[in-house]
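In: need a 3D model of the sequence below.
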Amino acid sequence: MFQKTNFYFKISYFYGAITPAIVLFSVSVGIDFEIILIELLIGVVLTLKLNSVLTNQGTASGGVTKKFENAEVAEKNGEVLSLIFGIIIPSVIVPGSVGFLAKILFFVAIQWIVYLLMVRSSSIFPNILFILFGGNVYKLQDGDYLIDMSDIVQHKKISIEAKRIGSSSMNNTYVVARRKDE
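Out: Model (predicted):
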């Protein structure tokens, strides 16, 4: 999903996806409540900004457009198992006998590994904040990814026009194209 997308998209989507893990980890190691709120606020702001960028890209003129005719939706918003194993478990399973700094380094190392796997993976990485703020990510049967910011995709087979995120011809991630008056 992230192959040949820009760095801002990858980081914004990933930070939003791991925000629940960051909050759970912070609570489990006793970080101050104010810091936890700041972490959550950063995740929300990045997700809202990403949603805005994607919505604007879907309504902007220009860009590479692709028409999907009777494309079959294979997956929506990722799998719960990848959320549980990639986010929840690494945030709460931290060795208890090590010091505070070691716990943070352990958590950061796990999340770095998750990030590397995510950007090299062909599956959808679930992002709770992105979904809560109106975004949906679909994997189509042909391997393309479709991001829908306005709940346009409603069926398993779709005929829709979408714009590629980024300019690389190797990029297979698209945002649903909309007219500005919709």
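
In: biggest strand in the protein by residues?
Out: In the chain, with assignment by DSSP state E, the single longest strand is strand 65-76.

In: next, count neighbours for Ile158.
Out: Around Ile158 there are 20 other residues, counting by other C-beta atoms under 10 Å. In this view, the C-beta of every residue, glycine as well, is placed from N, C-alpha and C.

In: so it bridges to which residues?
Out: Ala71 (DSSP bridges).

In: doesn't Lys76 make contact with it?
Out: No. Counting by C-beta atoms under 8 Å, Ile158 stays clear of Lys76, with 11.5 Å between them.

In: so which residues of this structure form strands?
Out: With DSSP E as the criterion, the chain has strands at 65-76, 136-140, 145-148, 157-164, 173-176.

In: number of nearby residues for Leu116?
Out: Leu116 has 10 nearby residues by other C-beta under 10 Å.

In: do the one 10 residues further on as well
Out: The local packing of Pro126 (other C-beta under 10 Å) involves 20 other residues.

In: for it, what are phi and psi?
Out: Pro126 adopts backbone torsions of phi -60, psi 140, taken as degrees, to the nearest 10.

In: quick check: it touching Ile84?
Out: No. Contact status for Pro126 versus Ile84: not in contact, 9.4 Å apart, counting by C-beta under 8 Å.

In: who touches Asn171 in this structure?
Out: Gln3, Lys4, Thr5, Arg164, Ile165 (C-beta atoms under 8 Å, 6 or more residues apart in numbering).

In: recalculate using a threshold of 10 Å.
Out: Going by C-beta atoms under 10 Å, 6 or more residues apart in numbering, Asn171 touches Met1, Phe2, Gln3, Lys4, Thr5, Asn6, Val64, Asp144, Tyr145, Arg164, Ile165.

In: kindly report the same for Asn70.
Out: Lys157, Ile158, Ser159.

In: does Met118 touch Lys10 like I think?
Out: Yes. With contact defined as C-beta atoms under 10 Å, Met118 counts as touching Lys10 (8.2 Å).

In: shared neighbours of Ile158 and Lys76, anything?
Out: Common neighbours of Ile158 and Lys76, counting by C-beta under 10 Å, 6+ apart, are Tyr138, Leu146, Asp148.
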